[in-house]
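**Student:** Structure of the sequence below:
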Amino acid sequence: MIISRTPYRISFFGGGTDYPAWFQQHGAAVLATTINRYCYITCRFLPPFFDHLSRVVWSKIEVVGDNTEIEHPVIREVARYLKIEEGIEVHHNGDLPARSGLGSSSAFTVGLLHAFRALQGKIVSKHALAKLAIQIEQDVLKENVGVQDQIQTAFGGLNRIDVMPNGSFNVRPIALHAERLAELESHMLLFYTGIARNASDVAAAQIRAIGDRTRELHAIRSLVDDATEVLTGNAPIAEFGRLLHDSWELKRKLSDQIAPPFVDDIYRRAIEAGALGGKLLGAGGGGFMLFFVRPKQQARVCQALSELLLVPVQLDWSGTQLIFYDPPQYSQTAHKRRDYKRYANGEREPRVVKPVLRVIHKNGTPRTASMPRRRA
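**Tutor:** Next comes the predicted model:
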């Protein structure tokens, strides 16, 4: 049994510059942190005692006779990429909802790769996990995603990430004194809007507009330098919030899908109640919103946004981890062989079992279908 734990992330500055359509010409820079909310992946090789080959539990429960039949696209394609043909069992649990701007999709991909590689007996570096997650999401799944989420969730911590035009990247941890770190964390308020959206769809509109938003993207990139200087220097921490406001004003110009009217209304009410700045996390359109607020003003902001769910957070420093590692105990024959003879009680001849595929949907309605027996 393997259990991986991978943190979600908050991107402060530089979002939008990490798409290949931009950084392949201009390079990119991002300032981001991971938080103490996590994606958990539990997996193991599934021994051949069942009528099915593999079992996957996410928002659905999938039971399949071949790993190519798995509906979850990331699990299916990662298993294919890593040449995992044995029976597997995978469970996903997340502290926060998916499609909400915290890099949950990339945290899932990084955590799954980490767990599957460990299942294969291989310990992979965080740098290699980030690169492989980028390849899976961009080249295999053809998602409209940048590269900061995979890097940040793999490494963890408060980092400046610089991306070169050739796709290579450097991760530079931002070292803060304990007092400065506590000051930063005490100013952060994270709210959930209750709206989930497909980040790839929102990002597609931003990517199409990159050629017309060169000035804004260069300005967004320069704010990474300014914000890093504020954090590591002696300027009042309030300057960090004001830079967030400047970044938000720039980012919302990248696409009209980033800030729908309800987001503008939430942001306006927060600023009027005393927030120094803030942003919608992720590609835009909904999900979580971060506000930077002096502690004395936070009660007013929370009252102004009382319909939203407040999620307390602190920074995470671990990145993706294997929190449980118990190597598989079955033989290679038990991993791979599905054609052994099965005798029912009292029978002299082996019983032929016809595998059945059962997929239980979100609403709990089972769907059953006959499935051809997997070739030995």
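**Student:** Run through this protein and note the low-pLDDT ranges.
**Tutor:** Along the chain, segments meeting pLDDT under 70 span 196-206, 209, 257, 283-285, 330-376.
**Student:** Find the centremost residue of it, please.
**Tutor:** For the chain, the residue nearest the mean C-alpha position is Ser104 (2.5 Å; CA atoms, centre = their mean).
**Student:** Looks to me like Ile35 is in a strand.
**Tutor:** Yes: counting by DSSP: H, G, I helix; E, B strand; the rest coil, Ile35 is part of a strand.
**Student:** Any idea what it is bridged to?
**Tutor:** Using DSSP bridges, the bridge partners assigned to Ile35 are Leu315.
**Student:** Now do the same contact list for it.
**Tutor:** By CB atoms under 8 Å, 6 or more residues apart in numbering, the contact set of Ile35 is Pro7, Tyr8, Arg9, Ile10, Leu102, Leu190, Val313, Gln314, Leu315, Asp316. The C-beta positions use only the backbone N, C-alpha and C, and glycine is treated the same way.
**Student:** Relative to Lys122, how far out is it?
**Tutor:** Remark: distance between Ile35 and Lys122 (CB to CB, to the nearest Å) = 28 Å.
**Student:** One more: Ser186?
**Tutor:** Using CB to CB, Ser186 is found at 41 Å from Lys122.
**Student:** got a list of contacts for stretch 266-277?
**Tutor:** Stretch 266-277 is contacted by residues 187, 189, 191, 193, 238, 241-248, 259, 278, 280, 289, 291-294, 297, 300-301, 303-305, 308 when judged by CB under 8 Å, 6+ apart.
**Student:** Could you rerun that using 7 Å?
**Tutor:** 193, 238, 241-245, 248, 278, 289, 291-294, 297, 300-301, 304-305 (CB atoms under 7 Å, 6 or more residues apart in numbering).
**Student:** Can you flag the buried ones in these?
**Tutor:** Neighbour counting by 16 or more other CB atoms under 10 Å classes 193, 238, 241, 243-245, 248, 278, 289, 291-293, 297, 301, 304-305 among the contacts of stretch 266-277 as buried.
**Student:** Can you pick out the most distant pair from the residues you listed?
**Tutor:** Pairwise distances across these peak at 24.9 Å for Thr193 and Ala238 (criterion: CB to CB).
**Student:** Show only the entries of the buried ones among the contacts of stretch 266-277 found in strands.
**Tutor:** Among these, the members falling in strands (DSSP state E) are Gly278, Met289, Phe291, Phe292.
**Student:** what are the bridge partners for the last one, then?
**Tutor:** Phe292 has these beta-bridge partners by DSSP bridges: Met188, Gly277.
**Student:** separation between the residue nearest to Lys279 when sequence neighbours are not counted and Ala133?
**Tutor:** Leaving aside its chain neighbours, Lys279 sits nearest to Trp248 (4.6 Å; criterion: CB to CB, 6 or more residues apart in numbering). Distance of Trp248 to Ala133, computed by CB to CB: 27 Å.
**Student:** next one: Thr68
**Tutor:** Thr68 is 21 Å from Ala133, by CB to CB.
**Student:** more crowded one of those two?
**Tutor:** Ala133 (31 against 11; other CB atoms under 10 Å).
**Student:** which SSE is the more buried one in?
**Tutor:** Here Ala133, judged by DSSP states H and E, is contained in helix 126-135.
**Student:** May I have the helix or strand encompassing Ile266 as CSV, with CA atoms only?
**Tutor:** Ile266 belongs to helix 261-272 when assigned by DSSP H and E. Taking Å, rounded to 0.1, in the frame of the first residue of the first chain, the C-alpha atoms of helix 261-272 are listed here in CSV:
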residue,chain,number,x,y,z
PRO,A,261,-19.9,40.0,-12.5
PHE,A,262,-20.3,38.1,-9.2
VAL,A,263,-16.5,38.0,-8.7
ASP,A,264,-16.3,41.8,-9.3
ASP,A,265,-19.0,42.3,-6.7
ILE,A,266,-17.2,40.1,-4.1
TYR,A,267,-14.0,41.9,-4.8
ARG,A,268,-15.6,45.4,-4.5
ARG,A,269,-17.2,44.5,-1.2
ALA,A,270,-14.0,43.2,0.3
ILE,A,271,-12.0,46.3,-0.7
GLU,A,272,-14.7,48.6,0.7
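**Student:** Buried ones in that helix, by neighbour count?
**Tutor:** Under the neighbour-count criterion of 16+ other CB under 10 Å, helix 261-272 has Val263, Ile266, Tyr267, Ala270, Ile271 buried.
**Student:** Also stretch 114-127?
**Tutor:** His114, Ala115, Phe116, Arg117, Ala118, Leu119, Val124, Lys126.
**Student:** And stretch 64-76, by the same measure?
**Tutor:** Val64, Gly65, Asp66, Asn67, Glu69, Ile70, His72, Val74, Ile75, Arg76.
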